[in-house]
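> Here is the input, now give the coordinates:
(one chain, ligands or ions: 1)
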Amino acid sequence: MTFSWLPGQSELNLQQDLLDAAAFAAKHYAATLDARAVFPGQTALTALAVFDEPIPEDPCDPSIVLETLATHGGPATTASSGPNYYGFVTGGSLPIALAARWLGDAWDQNSALGRMSPIAAQLEQTVEHWVTDLLGLPKETLMGLVSGSSIAGLSALAAARSHLYAKAQWPFAEKGLQGAPPIHIYGPDSLHGSIDKALSLLGFGANQMHWLATDSEGRLLPSALPTLAPNAIVILQAGQVCTGAFDDFASIIPIVKAQGAWVHIDGAFGLWAAACDRTRHLMAGAGQADSWSVDAHKTLNVPYDCGLVLCRHPSALKSALTASGSYLDQSSIRNGMEMTPEMSRRARSVELWAALKFLGRSGVAGLIGHFCTLAAQLREHLRDGPYTLINEGGFNQVLVALDEDAQTNAALQCLQDAGRVWMSGATWQGRAVIRISISNWQTTDAHIDLLAAEMQRAARAVQPTPPTSP
Ligand SMILES: Cc1ncc(COP(=O)(O)O)c(C=O)c1O
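As a prediction, the model looks like this:
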C-alpha cells in the first residue's frame, strides 16, 4: 500500500496490521467490560489531557494513533455496553451485530442510493419487511434508517406536516410555512424532549403545542383530550423515558383518527413490546397510528447508532424528505435517502439485519422478556424499602426514590461514585428519582443482585440510622 502523497511515509503496508491491532484492543475491551469501573475514574479522566493538543504539523505513525486511542481513550469510556450500566435507556451490543458492524465498516458503503450499495439497499428492504411483521404494523409501512429516535421522530413529523398540508390543499412546496393554515399538536405532557426539538425544527411554536394532563405514570388521560383543531397531529408514546409506561392506544387512537388527525407513536425503546407475547398487550391498538419511531440501539441491542422511522403513508414520508439532483440516479430497487433527512449515510442495515437474523422472532421476544424479568426481579429486591417504587409495570424501567429528594440525590451520587453500577437520575412529577433501565443482553440475575445490594448500601449510607431500642 503506498501513501505517496503523505510526507515521510511513502511505503506503508499497515492495513492488515492496523485492523489486527484494533481487533485485539477491541476484544480485550469487550472481554473486560464486566470488571470495568462503569464510569471512568479520575486518573483516566486526567489522562484525557493527552488529546488536548494543537493539530499536528506532520503525519504520525498510524500504529501510534491507534495505541493512543486504546491506551488513553479506552479507560475514559463509560462501560455503557456492559452489564452493569443502567443509565438513560442504553442498549448493549449483541456480538453478532458488533461483528457485522465491523465487516460493514470495512465495506464502508454509502447507503444513499441502491446504486451506491446494492447490499445495503437489499438489507434495508429485508429489514423493513421483518420489522413491520414483528411489530404488527401495516404491510404498506415504509421504513427509513436514521441515527436514532430523535431523527426518526423528526422525519415522521415532517411526513405528518406534508400529509396534513396536502389534505388542506396548501401548496407547501411553493409557499412553505408563510401564511400556511395552522397545524396543532397534542400529546401527553410527559413526552420526550426530542419531540419538542423536532417540532421546533419543523417550524412549530409553543402556541401550537398542547401538552395534556397525564396520570402518575405519564400516560395521557383520555379525559384530557379536547376536541382537536382541523389540522392536528397527536403524539403518543410507547415507553415513557422514566416510567416505561405506554399510552392507551386502543382507546385514544380511534377517537383522534375520527377527527382526521395524524397519530405518531414515539416508541424509542417500547415499540419492541409488540414483538413479545408477554408485553404485546401494551401495544394494543398501536398499529392504527400513522407513523412510529423506534431505536435498534436500545432494546434490540444493535450498536450505536441505529433508529427507524416507520410510516404507513409512503408518499407522505417521501414527499417530506425528497431531494433531487440530475446526478442522483434513482433507478434502483431502493434509495434509502428518500426515507431519511440525510443523503450520505453509513449502511446501518448491515448490523440491524445481522441482529434480527441471529435472534429471529423468538430471540427478539426472549430478549424483551429477559429485560422485563430482570426489572421484576429488581422490584422484588427493593419491595421492602427503603426505596419507594414509583412506577408500576415499567416494561424495562424501574423508577425509585428515597423519602427526601436530598437523600435520593445523595444515594445516586454514592452509587455513581462507587463505579460498580451506573444509573441516571431525573425529576419525576416534582420528585427526585433514580431511573434504572435494564436494556443490556449481558445483564443476568447475578448483576441484578449486585445492583440491589449496591442500592441498599447507598441508601444506608445516606439515610440516618434509625435509633436502636434501649
Ligand atoms: C421515549 C424516547 N424518545 C426519544 C428518544 C431519543 O432517542 P435517540 O437518543 O435515539 O435519538 C429517547 C431516548 O432515550 C426516548 O427514550
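> ok, the residue in the stretch 351-470 of the chain positioned nearest to the ligand - contacts?
The ligand sits closest to S437 of the stretch 351-470 of the chain, with a gap of 8.7 Å, by Cβ to the nearest ligand atom. Every residue, glycine included, has its C-beta placed from N, CA and C. Applying Cβ atoms under 8 Å, 6 or more residues apart in numbering, we find S437 in contact with 86-90, 269, 396-397, 423.
> swap the cut-off to 6 Å and go again
Counting by Cβ atoms under 6 Å, 6 or more residues apart in numbering, S437 touches 86, 89, 397.
> Select from the residues you listed the one having the most neighbours.
Y86 (29 neighbours; other Cβ atoms under 10 Å).
> Look up the closest residue to it, ignoring the ones flanking it.
M423 (4.1 Å; Cβ to Cβ, 6 or more residues apart in numbering).
> from memory the one you found sits against S439, does it?
No - assessed by Cβ atoms under 6 Å, M423 is found out of contact with S439, at 11.3 Å.
> check contacts around the residue of the chain found nearest the ligand.
Ranked by Cβ to the nearest ligand atom, the top residue of the chain for proximity to the ligand is G148, at 2.5 Å. G148 makes contacts with 295, 305, 307, as judged by Cβ under 6 Å, 6+ apart.
> Which positions in this structure make contact with the ligand?
Within the chain, the positions near the ligand by Cβ under 6 Å from any ligand atom are 88-89, 148-150, 192, 194, 237, 239, 241, 266, 268-269, 295, 307.
> pLDDT averaged over the helix or strand hosting S162, what's the number?
Assessed by DSSP states H and E, S162 sits inside helix 149-167. Helix 149-167 shows a mean pLDDT of 98 in the predicted model.
> My guess is N301 contacts T90. True?
No - contact criterion Cβ under 6 Å: N301 and T90 do not qualify, at 10.0 Å.
> More neighbours: which of the two?
Neighbour totals were compared for N301 and T90, and N301 leads with 25 against 20 (other Cβ under 10 Å).
> Longest helix of this protein, counting residues only.
helix 349-382 (DSSP state H).
> follow-up on the earlier one: compare M423 and S439 (neighbour count), which wins?
Neighbour tally, M423 and S439, criterion other Cβ under 10 Å: the higher count belongs to S439, 27 against 23.
> in a strand, that's where that one is, yeah?
No - read with DSSP: H, G, I helix; E, B strand; the rest coil, S439 is coil and lies in no strand.
> Verify the stated contact: it with G91.
Yes - the criterion here is Cβ under 6 Å, and S439 meets it with G91 at 4.9 Å.
> where do the contact lists of those two overlap?
Common neighbours of S439 and G91 are listed as K298 (criterion: Cβ under 6 Å, 6+ apart).
> Any idea which residue is closest to the centre of this structure?
D295 (4.2 Å; Cα atoms, centre = their mean).
> okay, the residue lying closest to L137 once chain neighbours are set aside: pLDDT?
Closest residue in space to L137, ignoring its immediate chain neighbours: G287 at 5.6 Å, by Cβ to Cβ, 6+ apart. Per-residue pLDDT puts G287 at 98.
> repeat for the one 3 residues further on
In this model, D290 is scored at 98, pLDDT.
> going forward, begin numbering at 26 instead of 1
From this message on, residue numbering opens at 26, which makes the last subject D315.
> And for the helix or strand that the longest helix of the chain is followed by, what's in contact with it?
Using DSSP H and E, the helix or strand that follows helix 374-407 in sequence is strand 413-414. Contact partners of strand 413-414, identified using Cβ under 6 Å, 6+ apart, comprise 404, 425-426.
> who wins for most neighbours among these?
Neighbour counts for those, by other Cβ under 10 Å, peak at V425, which reaches 23 neighbours.
> Touching, that one and Y412? I think so.
Yes - with contact defined as Cβ under 6 Å, V425 counts as touching Y412 (4.1 Å).
> who touches both of the two?
Shared contacts of V425 and Y412 (Cβ under 6 Å, 6+ apart): none.
> what number of residues lie near E417?
12.
> Which of the three states applies to the closest residue to it other than its chain neighbours?
Counting by Cβ to Cβ, 6+ apart, the nearest residue to E417 once its immediate chain neighbours are dropped is E242, at 6.5 Å. Secondary structure, three-state DSSP: E242 is coil.
> And E242, how close does it get to D272?
Taking Cβ to Cβ, to the nearest Å as the measure, E242 falls 10 Å from D272.
> Equivalent analysis for G139, please.
36 Å.
> With T252 instead?
19 Å.
> Kindly report the same for D409.
In this view, D409 and D272 are 31 Å apart by Cβ to Cβ.
> hmm, who's touching whichever strand or helix holds W317?
Element membership for W317 (DSSP H and E) is strand 316-320. Identification of contacts with strand 316-320 by Cβ under 6 Å, 6+ apart yields 173-174, 177-178, 181, 289-293, 296, 332-336.
> so where do the helices sit in the stretch 226-375 of the chain?
Assignment of helices within the stretch 226-375 of the chain using DSSP state H, counting those that start in this stretch yields the ranges 274-282, 339-346, 374-407.
> What residues sit buried inside the longest one?
This points to helix 374-407. 374-382, 384, 388-390, 392-393, 395-397, 399-400, 402-404, 406-407 (16 or more other Cβ atoms under 10 Å).
> The shortest one too?
For helix 339-346, a neighbour-count test (16+ other Cβ under 10 Å) marks 341-346 as buried.
> What is that helix packed up against?
Contacts defined by 3 or more Cβ pairs under 6 Å, 6 or more residues apart in numbering; DSSP states H and E place helix 339-346 against helix 174-192.
> From the contact counts, what lies against the helix it packs on?
helix 218-226, strand 287-291, strand 316-320, strand 332-336, helix 339-346.
> out of E242 and D272, which sits in the busier spot?
D272 (31 against 22).
> Tell me if I'm right that that one and L261 touch.
Yes - judged on Cβ under 6 Å, D272 makes contact with L261 at a distance of 4.1 Å.
> pretty sure E153 is in a strand, no?
No - counting by three-state DSSP, E153 is located in no strand; its state is helix.
> Quick one: residues contacting it.
M168.
> Distance check, it against K164.
On the measure of Cβ to Cβ, E153 and K164 end up 11 Å apart.
> Please apply the same query to S449.
Distance from S449 to K164, by Cβ to Cβ: 39 Å.
> of the two, who's got more company?
S449 (17 against 8).
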